[in-house]
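In: let me see the structure of the following:
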Amino acid sequence: ASEGQVICSKLMFLMDGMDSVMKARTYFALGCFHGSSSSLKKAKAYLEMARNLFQDADDDNSSVRDIADIEIKLNGINASSDVDSLRSRYEETLAK
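Out: Reported below is the predicted structural model:
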């Protein structure tokens with residue numbers, strides 16, 4: 001296991017004692033870690049958990065944008081060449 005995977009495992013173990021905002025931040029960090037690797041589905045799941053916890057705590061967070069970025073990667077879209085898709089996702093985010 002890589003050093004990053006070991007740290008992720010330790011964070012997951014420690015989550016039981018955390019409040020909801022700290023859990024959300026941990027899920028967000030886990031999502032970012034996995035989003036930079038080949039585990040995009042896992043990254044999306046962690047970012048969605050973070051988003052839900054942040055919404056429950058009325059805490060403003062950019063996880064919606066990060067989830068959209070992961071979805072773009074999962075769908076194999078080249079974000080730099082698909083400006084219309086990015087624009088629509090941006091407008092959807094603003095509407096929420």
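
In: wait, Met18 touches Tyr27, no?
Out: No - Met18 lies out of contact with Tyr27 (Cβ atoms under 8 Å); the separation is 10.2 Å. Using the backbone N, CA and C atoms, a C-beta is placed for each residue, glycine as well.

In: which one's more surrounded, the two?
Out: Neighbours per residue, other Cβ atoms under 10 Å: of Met18 and Tyr27, the larger number sits with Tyr27, 24 against 13.

In: within the helices and strands, which one has the more buried one?
Out: helix 20-35 (DSSP states H and E).

In: just the CA coordinates for that helix, please, in CSV.
Out: Only the C-alpha atoms of helix 20-35 are listed here, as CSV (Å, rounded to 0.1, in the frame of the first residue of the first chain):
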residue,chain,number,x,y,z
SER,A,20,-20.1,15.9,11.2
VAL,A,21,-18.1,18.9,9.8
MET,A,22,-14.8,17.2,10.5
LYS,A,23,-16.2,14.0,8.9
ALA,A,24,-17.2,16.0,5.9
ARG,A,25,-13.7,17.5,5.6
THR,A,26,-12.2,14.1,5.9
TYR,A,27,-14.4,12.7,3.2
PHE,A,28,-13.5,15.7,1.1
ALA,A,29,-9.8,15.0,1.6
LEU,A,30,-10.3,11.3,0.7
GLY,A,31,-12.2,12.3,-2.4
CYS,A,32,-9.4,14.7,-3.5
PHE,A,33,-6.8,12.0,-2.9
HIS,A,34,-8.7,9.4,-4.9
GLY,A,35,-9.5,11.9,-7.6
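
In: next, the angle from the next helix or strand after that helix to helix 20-35.
Out: On the C-terminal side of helix 20-35, the nearest following helix or strand under DSSP H and E is helix 40-56. Angle of helix 40-56 versus helix 20-35, following axes from the mean of the first three to the mean of the last three Cα atoms, to 10 degrees, is 160 degrees.

In: done for today, thanks.
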